[in-house]
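Peer 1: The following block contains a protein sequence and its predicted model.
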Amino acid sequence: MENHETNAKSTNGTALKSALIGALIGAAAALLLAPKSGRELRQDLKVKAEGAGEVLKTQASSLAESATTAAQAVGEQASILASKVQDLATAARSKASSTASLAHEAVDTAATKAKEAATVIGIRGKETAEAAAERAHEAVDAAEETVKDASTSLNNAASNHK
């Protein structure tokens, strides 16, 4: 909807500029072609130029106001987007932490079962099960750190754009 309004304003601005330019050209032609003395012609030109100057000042003021409003809207949208990115990064960090905790629990459970089975099989199997459990915990920790780093990077990027 905003894009439609912007296009309408742009079209209206262009039409207004075209009409203003046409009016100025027409007025200048009428003044130059009218049978008047030099003094009268200069006075008429001065009056018309002052009127055109006022119209241009009004249009410039209006355009400046529109630009300021647009800049404020863009700034507000950027802040909203940065806030949403920070919220997503925080949620991702939280989810990674809870998933890592669940993964550690699952590794502990699997390691316990493997150790129990290794006890039946023999000591060598128990050592292998313990080493596998340690590697699994390290892999879960590394994955959790990777997600936290990515989340922190997102958060920092969002903070820089606020």
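Peer 2: Right, received. Where do you want to start?
Peer 1: looking at the protein, which residue lies furthest from center?
Peer 2: Going by Cα atoms, centre = their mean, the residue of the chain most distant from its centre is Ser37, 61.7 Å out.
Peer 1: which stretches of this protein form helices?
Peer 2: Here the chain has its helices, by DSSP state H, at 2-33, 38-121, 123-160.
Peer 1: ok, Gly38 to Leu16 distance?
Peer 2: Using Cβ to Cβ, to the nearest Å, one obtains 33 Å as the distance from Gly38 to Leu16. Every C-beta, even on glycine, is put in place using the N, C-alpha and C of the backbone.
Peer 1: more neighbours, the two?
Peer 2: Neighbours around Gly38 and Leu16, counted as other Cβ atoms under 10 Å, are more numerous at Leu16. The numbers are 13 against 7.
Peer 1: check contacts around the more buried one.
Peer 2: Shown in contact with Leu16 (Cβ atoms under 8 Å, 6 or more residues apart in numbering): Gln59.
Peer 1: Let me know the pLDDT of it.
Peer 2: According to the per-residue confidence, Leu16 scores 72 in pLDDT.
Peer 1: give me the number of residues near Glu54?
Peer 2: Using other Cβ under 10 Å, the number of residues around Glu54 comes to 10.
Peer 1: Same question for the one 5 residues further on.
Peer 2: Applying other Cβ under 10 Å, we find 14 other residues in the vicinity of Gln59.
Peer 1: Relative to Leu56, how far out is the nearest residue to it once chain neighbours are set aside?
Peer 2: Computed as Cβ to Cβ, 6 or more residues apart in numbering, the closest residue to Gln59 that is not its neighbour in sequence is Leu16, at 7.1 Å. Counting by Cβ to Cβ, the separation of Leu16 from Leu56 is 11 Å.
Peer 1: Please apply the same query to Leu24.
Peer 2: Counting by Cβ to Cβ - Leu24 and Leu56 are separated by 10 Å.
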